[in-house]
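K.L.:
fold the stuff below for me.
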Amino acid sequence: MEGLINIFVRSVFIDNMVFAYFLGMCSYLAVSRTVSTANGLGIAVVFVLGITVPVNYLIENYFLSAGSMAWLGEGFAAVDLSFLSFIMFIAVIASMVQLVEMIVEKFAPTLHSSLGIFLPLIAVNCAILGGSLFMQEREYANIAEATSFGLGSGVGFYLAIVGIAAIREKIRYSNVPGPLRGLGITFIVTGLMGIAFMSFMGIKL
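P.N.:
Residues are numbered from 1 along each chain as shown. Below is the predicted model:
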């Protein structure tokens, strides 16, 4: 259990998708104008990462990697389908995003309208694919660790986008120099938030 908590905390604060790797910046910048839309997209990303990372872990370890299909018999022990990793990961992500879009459209049509094109674009959000690729690279020991990492990465993205949305709402009432209004001051604040999150690197896990 302690190992799972460590993975979760590390993926939220230390290996944050936005502030450590600058992944998913297109959605982060475009949907963070208001807290309400940022909150909706953040929850959707948490759900998608929490589902796709463990599912892709199972696919990777039981079907794609070299020797992973030995459980089907000796004739499959030499099969290596790792070259299909990208295609399979993206297929799983696209399926989950479609499911999320259908749910949001059904139960929260206003939020669906506010998110616009950026909800289906979660399927090509580099933070989502990055979660599965980091899972593959780090070779987690079991599905519980992969799930902890996926949820932690989603929560980290959620904190980042809701945090910048709250700041952007307050900045509207500030006297920001003309050339920096909009994305200019957002980039500056993002850099400062990234530096702030670097302080968590001192946590010994």
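
K.L.:
quick one: low-confidence ranges for this structure?
P.N.:
Along the chain, segments meeting pLDDT under 70 span 204-205.

K.L.:
where do the helices sit along it?
P.N.:
Defined through DSSP state H, the helices belonging to the chain, from first to last, are 2-9, 25-30, 35-59, 85-107, 109-115, 126-138, 143-171, 183-198.

K.L.:
mind checking which of those helices is nearest P177?
P.N.:
Distances from P177 to each of the helices of the chain were compared by C-beta to C-beta, and the smallest falls on helix 183-198, at 8.5 Å. C-betas here are computed from N, CA, C, even on glycine.

K.L.:
hmm, back to that, with mean neighbour count added, can I get the helices of the chain in CSV?
P.N.:
Putting the helices of the chain into CSV (neighbours: other C-beta atoms under 10 Å) gives the following:
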stretch, mean neighbour count
helix 2-9, 16
helix 25-30, 20
helix 35-59, 22
helix 85-107, 16
helix 109-115, 16
helix 126-138, 21
helix 143-171, 22
helix 183-198, 15
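
K.L.:
would you list these in TSV and tack on distance to A70?
P.N.:
Putting the helices of the chain into TSV (distance: least, C-beta to C-beta, whole Å) gives the following:
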stretch	distance to A70
helix 2-9	26
helix 25-30	39
helix 35-59	15
helix 85-107	18
helix 109-115	43
helix 126-138	19
helix 143-171	18
helix 183-198	42
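
K.L.:
that concludes my questions; thank you for your assistance.
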